[in-house]
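please work out how this folds:
(one chain, ligands or ions: 1)
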Amino acid sequence: MNRIEFDVVVVGGGPAGLSAAYVLASKGVKVAVIEKGEYPGSKSVMGGVLYLNPLKEIIPNVVEELKSGKAVERNVIEQNMWLMGKDGIVKIGHRNERWKTDPNAFTVLRANFDRWFAKKVEKAGALVIPKTKVEDFLRDGDGKIIGVRTTRPKGDVYCRAVVIAEGVNPILTIKAGLRKEDLKPNMAAVAVKEIVDMPEEVVNSTFGVESEEGTTIEILGSWSEGLFGMGFIYSNKNSVSIGCGALISDIREKGIKPYKLLENLKNHPAVVDLLKEYRTQTKEYLAHLIPEGGYYAMPKVYGDRVLVCGDAAMLVNSIHREGSNHAITSGRFAAETLLEALDAGDLSEKKLKAYEEKLRESFILKDLKKYRDLMPTMEKNRQFVEIYPDLANDAIYRFLHVDGTPKWDVQREILDMVRERRSLASLSLDLLKFWKSVR
Ligand SMILES: Cc1cc2nc3c(=O)[nH]c(=O)nc-3n(C[C@H](O)[C@H](O)[C@H](O)COP(=O)(O)OP(=O)(O)OC[C@H]3O[C@@H](n4cnc5c(N)ncnc54)[C@H](O)[C@@H]3O)c2cc1C
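Modelled structure (predicted):
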């Protein structure tokens, strides 16, 4: 019987796997992407803001192609951060004309984006095999990886190298011996998201934009009931994505259900005012894990004939909601490393170590390293979410509320308010801790 054989098998048709496959196939490498979902994107969840830079690196005229292929929703021209108190919000935001002519990011619905990307990959010459799960590796007598075993009958696929782009659940990464154990509860967040229907012109007026333009809102504070987590509201063409996530360990400890957190967010007066009756027009409800372990929780990303990229390699910077861009860039690095290795006829672990070096020299590992202590600091210092969002809201409310009190007295009231909730010494220490973890 003829063996099914490729140069490279990519496990997973998400941004990481598709990027790796696109770069490899564009250079004439025989590559297959194996995806367990009905089609790439069918099982994917993302907020989702897609930064364009990594795609511009690999696809010429990508902005035009994304728009004409209906792969994206709106061009993000404004980004906001809300610090949410019980009855108010402190808003910080930035809108820029330059983003209108030189897009930086689009909002996306992954089912559309991944499907578009998969078509590009097929056009470049790769084979995308959906509805097929990779269960394990095929190994020769010496234990060397020589292919993958899939759920299809007679579904063994042979290859010279495997790219693991399986997303957050590191099943094959563990089987490849690159991660010792499964993710711990403090290494991943559970995120829930709803897509609510909203007519295009209502999206425009709600967010103050034209039809092709979009805005983002990141939300920290009272919705999370003291858990460290981020909420978000992103405007799509004729819908809005609203969601939030928090660490599994925190959710378990507090016994809160993730959907309850999303209800808190949706029921906050500021969100009710913004989304009005459309808030309850739920079109889709989605849940997914986000790897949050960061730099310290990364697996080994290379081995003999195998590389790991994207979420499987823990390459998410949740502070800047950068995951899909890391996935696409790491997929490109994996492909470039394999192109060099295939050329040299050397797919050994020593040769493939170059992939880790590429990651280390890039913004990906530099950023993950920069923020390596942020999550542990937040986990140990609940005051950042339990005290400060409400304090900031109450202080600013008092400052702006004119009731005939002289400003010196208002200032004194605010200082007393701060002292009641956090001593000035603790506040200074908190500022220092925060600065040290993000500097
Ligand atoms: C709620 C939420 C909001 C987010 N918001 C943003 C955002 O705004 N911006 C951003 O950049 N990132 C965001 N992220 C993160 C981003 O979604 C991920 O970083 C990105 O999807 C990682 O891509 P990936 O290809 O590594 O993994 P995935 O996108 O998870 O793709 C992995 C693929 O592999 C397939 N697969 C898994 N195992 C197998 C197997 N054994 N055999 C075959 N196929 C398999 C899966 O079906 C899946 O299609 C968000 C994530 C979540 C959950």
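
how about the contacts made by the residue nearest the centre of the chain?
By Cα atoms, centre = their mean, the mean C-alpha position of the chain lies nearest to Gly323, the distance being 3.4 Å. Residues near Gly323 by Cβ atoms under 8 Å, 6 or more residues apart in numbering: Met46, Ile290, Gly310, Asp311, Leu315, Val316, Asn317. In this view, the C-beta of every residue, glycine as well, is placed from N, C-alpha and C.

helix or strand: which one has the nearest residue to the fifth one once chain neighbours are set aside?
Taking Cβ to Cβ, 6 or more residues apart in numbering as the measure, Leu315 lies nearest to His326, with 4.1 Å between them; neighbours along the chain are not counted. Here His326, judged by DSSP states H and E, is contained in helix 324-344.

and the helix or strand following that helix, what's buried?
Counting by DSSP H and E, the element after helix 324-344 in chain order, helix or strand, is helix 349-361. Buried residues in helix 349-361, defined by neighbour count with 16 or more other Cβ atoms under 10 Å: Lys351, Leu352, Ala354, Tyr355, Glu356, Lys358, Leu359.

stretch 186-197 too?
Residues of stretch 186-197 classed as buried by neighbour count (16+ other Cβ under 10 Å): Asn186, Met187, Ala188, Ala189, Val190, Ala191, Val192, Lys193, Glu194, Ile195, Val196.

can you check stretch 161-174 too?
Neighbour-count burial for stretch 161-174 [16+ other Cβ under 10 Å]: Ala161, Val162, Val163, Ile164, Ala165, Glu166, Gly167, Val168, Pro170, Ile171, Leu172, Thr173.

repeat that for stretch 88-100.
In stretch 88-100, counting by 16+ other Cβ under 10 Å, buried: Gly88, Ile89, Val90, Trp99.

so how far does it reach from one end to the other?
Using Cα to Cα, to the nearest Å, one end of stretch 88-100 lies 30 Å from the other.

ok, stretch 136-143 next?
Terminal-residue distance, stretch 136-143 (Cα to Cα): 13 Å.

re earlier: what angle separates the helix holding His326 from helix 349-361?
Here helix 324-344 points in a direction 150 degrees away from that of helix 349-361 (axes from the mean of the first three to the mean of the last three Cα atoms, to 10 degrees).

quick revisit: quick one: pLDDT of the residue nearest to Leu315?
Confidence at His326, expressed as pLDDT, is 98.

who touches the helix-or-strand element of the chain with minimal mean pLDDT?
Here the helix or strand of the chain ranked lowest by mean pLDDT, DSSP states H and E is helix 374-380, holding a mean of 84. Applying Cβ under 8 Å, 6+ apart, the external contacts of helix 374-380 come out as 186, 228, 247, 249-250, 292-294, 319, 384-385, 433-434, 436-438.

out of the residues you listed, which are inside strands?
With DSSP state E as the criterion, strands contain Leu247 from among the contacts of helix 374-380.

domain assignment for this structure?
Domains of the chain are assigned by automatic domain parsing as 4-73+108-179+299-370, 186-291, 375-438.

the ligand: which of the ones you listed is closest?
domain 4-73+108-179+299-370 (2.1 Å; Cβ to the nearest ligand atom).

need phi/psi at the closest residue to Arg398 other than its chain neighbours.
Computed as Cβ to Cβ, 6+ apart, the closest residue to Arg398 that is not its neighbour in sequence is Ile414, at 5.5 Å. As for Ile414, its main-chain torsions (degrees, to the nearest 10) stand at phi -60, psi -40.
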